[in-house]
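Asker: sharing a model prediction with you, sequence too.
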Amino acid sequence: MNKIVEKEYLSEKVVKLVIESPRIAEKRKAGHFVIIKIGEKGERIPLTISTADPEKGTITLIIQKVGVTSHKVAALNVGDEITDITGPLGKPTDIEKVGTVLCAGGGVGIAPLFPIIEGMKKAGNKVISVLAARSKDLIILENEIRPLSDELIIMTDDGSCGIKGLVTQGMEDIIKREKIDLSITIGPAVMMKDTSLLTKKYNIPTFASLNSIMVDGTGMCGACRVSVGGETKFVCVDGPEFNAHEVDFDELLMRLRAYSEKEKSAYERYLQNS
Amino acid sequence: MAETLSDYLKQQRDEAWRVELRSKIKAKDRTSIERVQMPEEDPDIRNKSHIEVNTGLSVEQAVTEASRCLDCVNPTCMEGCPVGINIPKFIKYIEAKDYNAAAITLKETNTLPAVCGRVCPQEVQCEANCFYTEKLKLPAIAIGNLERFVADMERTSGIINIPEVQEKNFIKVAVIGSGPAGLAAAADLAKFGYDVTVFEALHEFGGVLKYGIPEFRLPNSIVDTEIAILKKMGVNFVKNFIVGKIASIDDLKKEGFQAFFVGSGAGLPRFMNIPGENYIGIMSSNEYLTRVNLMNAAKDDYDTPVELGKKVAVIGGGNTAMDSVRTAKRLGAEKAMIIYRRSLEEMPARKEEIKHAQEEGVEFIMLTNPVSYIADVNGRVTRVVVQKMGLGEPDSSGRRRPMPIEGSEYEIDIDLAIVSVGVSPNPLIPQSIKSLNMTKWETILVDSDTMESNISGVFAGGDIVRGGATVILAMGDGRKAASGIHKYIKSLTEKGQAVNMAQ
């Protein structure tokens, strides 16, 4: 069960795992996520499924090493098993032909954006992808996304790859150039906030895939609640994608920090002991 | 064979050993014995640990309590039991010191006696219908404490009775959810001979018994023992399997499942939708209890974090609120407060839980309701603004309606707030079956006799039907649904439509 069949470092901190999970592979659609747990004492964390191969019965997860659990995941090798995987969770992305779709991915958020780009292209849309990260080594899946995009723009903070600048600059150049019918943004909350403000300015319908804290992920605990259009919504069952222009990103950013001190000290303890 | 339940009970009551036992002590002497008090751990010790509060009756205490029971001709106590335990029979076996026979009696109708003996609200069920309560106006026989005694004796004896199951009929039935409703349904279905698989969404079995009810009221090891018995009865358990997501009911039908019991339980926690409620340090009781009970977040060697508040306000007056506030106390809260909008009399929590909480140093702030929260610059909650309430005319629940008193607002310093004002049913199954008939409360609409939904072969019970009820009512639903499923499959068999997977 849940055996790792392939492992690859996409960058120093980003690891790709292909995992045997035939039932989830068969059901999963773009936008879905899984909850995983490593070891008996592990925590449950949500991870968006990047791709799946129903024939081989595998799903692909891409994880950035940031804290204890992501390090534990990255420490696993081919042949090891993930203790618990539950999914596919959340509502899938609404994929249809709308015209021109502007897909913005930031850092490891490029991983869940990939199946949406794939779906949007298959549905007959013109797809323009803007991938952004701090530096070259954090840009992932460029080779996979390039053939699916009518145009691919890479933005890095330090200019080590593509154009030097923020994701919003790359997006705005395109928005000024041609009509965009839909935008999708996935990445760190602060990046989604900025991209959302930009598309709002130009009145472009935009979806964001939110990465809130979860425990069960099945609609039971309410840890993942966010304010969308003034109403409390649950990312695990109502999302993870929402109308970005209605999301209270400041509240999301605040709530993401709920355990930051505890996470930091747990991580330090983990590094000392490992 | 007895034709009716009352004939059957009478036959059993007339067995020689029962007749002899009754004659040993005069009824007058029985009624003059005082109800045995459940021994409890010292409040100042237990509020710093997670050990069980009620420590259990000794053998002598149990036999004494059992001898109070008059073995009534008409055992009205049974009318109050949602799973129909043969109460006088198991109690008389205790008096006869045949504890194993008492355990077998319990298991005839109750899958989880060690659980029910701990968490059932007996005072409003069997014990409310006891002859002592009804006619003598004396404290009832301590049926719940005796049930727990028998279950604990059996578990610690090392010889655990596995209920008899009929020969396997190789007809597959799916049970969705491994909480009390699902476990009760699975047990009865296994007894009928079905090939039962229980699908659980989480990584542990037991549902609310694991993630919800704390260790000091119901140790997880007890739940595991009861589940082990079901496994020995041949029930299959599959974890991390969310029906409606990883496989639909239709997928499972294709895999040979002929009938379904949906016991997917409570879901989304309710909030009050007041300003500041999404600040850091404000969470639902489901989240708080899941972190502590299921994820062991308060233990250093587990990865899941939890807020350990020093000044904790729990909003609400139900059993879940009591579980949360008492957990907070145990995790080091200097002030653990219940904030409830009505008065102590209207509180829905069990009297025993309220008493235990009071003994443990929980503060009760009554007739008070939160109106907003205040946070520091980091968004971490620091105060709750509350408003005093008065009580008006009775509302639809029969309880007096709380009315805000204008201008009575004041602030209470807190660093953790736990909102325990109810839950909505879990949305995952209803979302996945489009044609399922639901009520306006988003619960599954079922036939109250068979527990069948509008979709043939799909049955449901517990909180997904009731909205938010007790472990024992969920178990009662599970049993009722199991017999509903049994009838349904029989009708399929008669029509030649049931598929025996062995063929």
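Answerer: Now that the structure is in, tell me what you want to look at.

Asker: any residue of the lengthiest helix in chain B up close to chain A?
Answerer: Secondary structure of chain B per DSSP state H: the longest helix is helix B:471-494. No - Helix B:471-494 is not in contact with chain A by CB under 8 Å from any CB of the partner chain; minimum separation 15.6 Å. Where you see a C-beta, it was placed from the backbone N, CA and C, and this is true even at glycine.

Asker: quick one: buried residues of that helix?
Answerer: For helix B:471-494, the neighbour count (16 or more other CB atoms under 10 Å in any protein chain shown) marks B:471-486, B:488-489, B:492 as buried.

Asker: helices or strands next to that helix in the packing?
Answerer: helix B:113-119, helix B:180-191, strand B:257-262, strand B:458-460, helix B:463-466 (3 or more CB pairs under 8 Å, 6 or more residues apart in numbering or on different chains; DSSP states H and E).

Asker: redo that, cut-off 6 Å
Answerer: helix B:180-191, strand B:257-262, strand B:458-460 (3 or more CB pairs under 6 Å, 6 or more residues apart in numbering or on different chains; DSSP states H and E).

Asker: and the ones you listed: which comes nearest residue A:78?
Answerer: strand B:257-262 (34.8 Å; CB to CB).

Asker: contacts only, for the residue of the stretch 51-200 of chain B at minimum distance from chain A.
Answerer: Residue of the stretch 51-200 of chain B nearest chain A, by CB to the nearest CB: residue B:200 (9.7 Å). By CB atoms under 6 Å, 6 or more residues apart in numbering or on different chains, the contact list for residue B:200 reads B:178, B:239.

Asker: for the stretch 251-400 of chain B, what lies in contact range of chain A?
Answerer: Those residues of the stretch 251-400 of chain B that sit near chain A, judged by CB under 6 Å from any CB of the partner chain, are B:267-269, B:278, B:280, B:284, B:286-287, B:290, B:301-305, B:379.

Asker: among those, which lie within strands?
Answerer: B:267-269, B:284 (DSSP state E).

Asker: picking up where we left off before, could you dump the helices and strands packed on helix B:471-494 into JSON lines and include mean pLDDT and mean neighbour count?
Answerer: As requested, the helices and strands packed on helix B:471-494 are exported to JSON lines (pLDDT from 0 to 100; neighbours: other CB atoms under 10 Å in any protein chain shown):
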{"stretch": "helix B:180-191", "mean pLDDT": "95", "mean neighbour count": "30"}
{"stretch": "strand B:257-262", "mean pLDDT": "96", "mean neighbour count": "27"}
{"stretch": "strand B:458-460", "mean pLDDT": "97", "mean neighbour count": "28"}
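
Asker: now render those as TSV, adding distance to residue B:22.
Answerer: TSV is the format used below for the helices and strands packed on helix B:471-494 (distance: least, CB to CB, whole Å):
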stretch	distance to residue B:22
helix B:180-191	31
strand B:257-262	40
strand B:458-460	41
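
Asker: of these, which is nearest residue A:50?
Answerer: Nearest of those (CB to CB): strand B:257-262, 31.7 Å.

Asker: just the helices in the stretch 201-350 of chain B please.
Answerer: Here the stretch 201-350 of chain B has its helices, by DSSP state H, counting those that start in this stretch, at B:208-211, B:220-232, B:249-254, B:285-289, B:319-330.
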